[in-house]
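S.K.: here is a sequence together with a model predicted from it:
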Amino acid sequence: MSAPTTDRPTPAGAGPAQTKPLPPISYKAPIGYGVVGVLSLVLFGLLPEGGLESTFTVSTSKDFVTIDPVTVPSKLTAIVLSLVALALAAYSYRAASRRRKVGVWLPVLFGVAVILAFLTWADAGKASPMPLTGLLQGSLFLAIPLVFGALAGTLCERSGIVNVAIEGQLLAGAFLAAVVASITQSAYAGLVAAPIAGALVGALLVLFSIRYVVNQIIVGVVLNVLVVGVTSYLFSTVLKNDAATFNSPPKLQTIDIPLLSQIPVVGPVLFRQTALVYIMYVVVALLQIFLFRSRWGLRLRSVGEHPKAADTVGIKVNRTRMRATLLGGAVAGLGGAFFTVAAGLAFGKEMTGGKGFIALAAMILGRWNPVGALAAALLFGFSDNLQVVLGIIGTPIPSQIMLMTPYVVTIFAVAGLVGRVRPPAAEGIPYAK
Amino acid sequence: MSTTPPLPDGAPGEHVPPPAGTGTDAVTTTKEQPEPRSSSVLREILSSGWLVTVLAVVLALVLSGVLIAAADEEVQKAAGYFFSKPTDTLTAAWDAVSSAYVALFHGAVYDPSKDTFAASIKPLTETMTTSVPLILAGLGLGIGFRAGLFNIGAQGQIILGAVGAGWVAFHLDLPPVLHLLVAMLAAAVAGGLWAGIAGFLKARTGAHEVITTIMLNNIAVYLVAYLLTTSVLKNPGSTNPISPPVPESAQYPALLGGQFRLHWGFVVAVLAAVFVWWLMSRSTIGFKFRAVGSNLHAARTAGISVNASFVWVMVVAGALAGLGGSAQVLGTDKVLTADVAASFGFDAITVALLGRSKPLGTFFAGLLFGALRAGGFAMQARTGTPIDVVLVVQSLVVLFIAAPPLVRAVFHLPTPGTRRERAPRPTTKEVAA
């Protein structure tokens, strides 16, 4: 823990600027890794009975080369993987004691090792193999709204506006996408309509939080309720009356990218998806570049970190925030299209089911960074899909506990186990000259 | 909103700022911790006049009326020939809206169509029953808001309270009154501990309470779903995830006799409101809470333990919400299901905001939202207007109340001077108009 010295008042990253002594070494991360590693070793490796085997299927029928399903001895594999995880924990301890920072690769590798150990344990002795490729494919699919939502959150919060209304923006996007796609009988028209709906919710957020200086979290929470109310109301009246016209959106077709989609494992996962996923790649890449490598991004971030300074050099603070919030709303709205046109489902009441809040968590886990948000969202998508897959294979863990995991992980992450996360400094503070 | 030209008197644009100089004040103090902003904006909500509250409700009802009219089939038919006979459309719209609101009133307060007085007044008792968890949870959230904590977690705290109450009710065998008291205590402790997690994490690691409480909500949802599949809460005789019925010894006794559902939980809610008034206005602890909410740094300088306040604010809030959960299990439903908290926890946020976080205000706001909820079901049954429109009313009310300048602009009210105490008298006529 972080040594409770005399003054605790400045726990956040923005500590006292001058003459600060080196902060005490934080061993939170290594300890966290160590605990998880030991748990993995005991639960998945040592405790289960031996002599069982786990099978993983890797390739799909359309690939260049077919790779046979891999069968491994469960107990041994789980032990080895857990030991790898523990070795990584030891490395992170060494790095921490020398005040060296470790790259992103460490948590990623650690996660992969523990998850593989878990999968090996879950499939031990089961007749049906663990469909590795399918698992990843489904994870990416389920992560779509989370990625868009987290990107929207990143955009808004980097400019200093807390966007709790992601849930509402997703729902509005899903609604309008379904209606427009049904009327035009074109899934792509739905993709165009979704961001408009999201941006509308964003506009309300702008109106109340920037113009009327209402607390942004209040506005966000209330806007979520408003969107639920309006969409559910229209669903129960207009959409239900004539579902054929208004609520039968066509499904977005999957597009196989030639050649790329035939690479084993990677191909089906990344390049046998719908247009929405390809848009997602582009949006993540563009945002990552533009936020951190362009004048627009610099200004946007400066407004979120130190609006007064930004204002002094002539950047219009509230206008910049307004644009970022509208753009963020549009991005989240686009993610909402996932629920209807991409999933090929009719609109349903409250169909986003709290995904907007998980997106918010993904944003924080991803440290207000588009690529980080993508990674965190994929993690949540994975745990979501894992639960589905394990439900089919059959597992000793109750599904509710599985469903709970991402939230528990988020709490630990936010509480600083994974590393201190620092929000944009001026986040949530209305700016007035 | 659409009926009046935008930007009337004194264009309340950038410099509307809330009395206590939200913007600058917050900007200068935020370097270290982001809390002060929430409290100062909340203060604005707390100090806005009663007139604005009334007008906000009126405005919300009008806007929701537009939604009701727009989805009404008669109105749509008449709108087809709007230009040849516009009165038809207006009449149809008036019919649709008034019949919906009349049904709402009959379902929420007094139903003259029934023979006996008892049957006529039954809706009012239903409203009171529904308002119990809203008031209790709203009181808790109000304490948090006044202490500068955005506790979104009433939902989870209600659930945990219900679980605690349910467990005692099903597993302990105690004499009548004692059984109820122990069950209530268990509910308060369970809710308090659950909320305390968020308070502790905030105090210890600076984790933002909005995120942690949202996550705790989700965890609670799955936790109760899981417990309902195990012997902890599940009725052994049933295959469904439902608990055994609450034994009579642990039930809240009926308040007005067996023909009404209204139970002693309502008295608990009233007592809780008195307690919260005493706590926040008369006790040292409440003074500390408010000091932390008004200015964190000043409070710390004055020797108040801010971290301890965070924890205790959350614990008290959680205990109140937990009691709200006990009212559902031990009084209203008399059985525990996964849906025990319905959406009370989220509605309670709007209740607390509408009640300006004060006990009396929260009490009446809880009654109002209880009425909207109870009446909403009657409205749906009688006129076919989906209950979802109630959500629209609720969210609009809170949005408008949070943005007094907007309401003033719509109703052409003069902008009050630097400090607003009460809205000017002469304008009350406009309400009637």
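M.R.: It's in. Numbering: from 1, shown residues only, chains lettered A, B, ... in the order given.

S.K.: interface residues of the stretch 51-200 of chain B facing chain A?
M.R.: B:67, B:71, B:73, B:150, B:152 (CB under 8 Å from any CB of the partner chain). All C-beta atoms are positioned from the backbone trio N, CA, C, and that covers glycine.

S.K.: let's see 7 Å
M.R.: B:67, B:71, B:150, B:152 (CB under 7 Å from any CB of the partner chain).

S.K.: ok, the third one to residue A:152 distance?
M.R.: Right, residue B:150. Plainly put, residue B:150 is 20 Å away from residue A:152 if you go by CB to CB, to the nearest Å.

S.K.: next: the second one.
M.R.: According to CB to CB, residue B:71 stands 29 Å off from residue A:152.

S.K.: between the two, which is the more surrounded one?
M.R.: residue A:152 (35 against 20; other CB atoms under 10 Å in any protein chain shown).

S.K.: which SS class is the more buried one?
M.R.: At residue A:152, secondary structure determined by DSSP: H, G, I helix; E, B strand; the rest coil is helix.

S.K.: what helix or strand is the nearest residue to it once chain neighbours are set aside on?
M.R.: Spatial nearest neighbour of residue A:152, excluding adjacent residues (CB to CB, 6 or more residues apart in numbering or on different chains): residue A:332 at 3.6 Å. Element membership for residue A:332, per DSSP states H and E: helix A:317-337.

S.K.: how close does the residue lying farthest from the centre of chain B get to chain A?
M.R.: Most distant from the centre of chain B: residue B:84, at 45.3 Å, with distances by CA atoms, centre = their mean. Remark: distance between residue B:84 and chain A (CB to the nearest CB, to the nearest Å) = 25 Å.

S.K.: swap in residue B:196?
M.R.: Where chain A is concerned, residue B:196 sits at a distance of 13 Å (CB to the nearest CB).

S.K.: so where is chain A shaky, pLDDT-wise?
M.R.: Filtered on pLDDT under 70, chain A yields the residue ranges A:1-20, A:59-66, A:416-421.

S.K.: which segments of it make up each domain?
M.R.: Taking automatic domain parsing as the reference, chain A has its domains at A:28-127, A:134-414.

S.K.: quick one: residues contacting residue A:371.
M.R.: By CB atoms under 7 Å, 6 or more residues apart in numbering or on different chains, the contact set of residue A:371 is A:284, A:288.

S.K.: quick one: low-confidence parts of the stretch 201-350 of chain B?
M.R.: For the stretch 201-350 of chain B (pLDDT under 70), the answer is none.

S.K.: make it 90
M.R.: The model of the stretch 201-350 of chain B has pLDDT under 90 over residues B:204-211, B:214-215, B:218, B:229-242, B:255-261, B:295-296, B:338-343, B:346-347, B:349-350.

S.K.: residues from it in reach of chain A?
M.R.: Counting by CB under 7 Å from any CB, the residues of the stretch 201-350 of chain B lying close to chain A are B:201, B:205-208, B:210-212, B:214-215, B:218-219, B:222-223, B:225-226, B:229, B:300, B:346, B:349-350.

S.K.: mind checking if the strand or helix carrying residue A:181 is in reach of chain B?
M.R.: Under the criterion of DSSP H and E, residue A:181 resides in helix A:166-184. No. Using CB under 7 Å from any CB, helix A:166-184 stays clear of chain B, coming no nearer than 9.7 Å.
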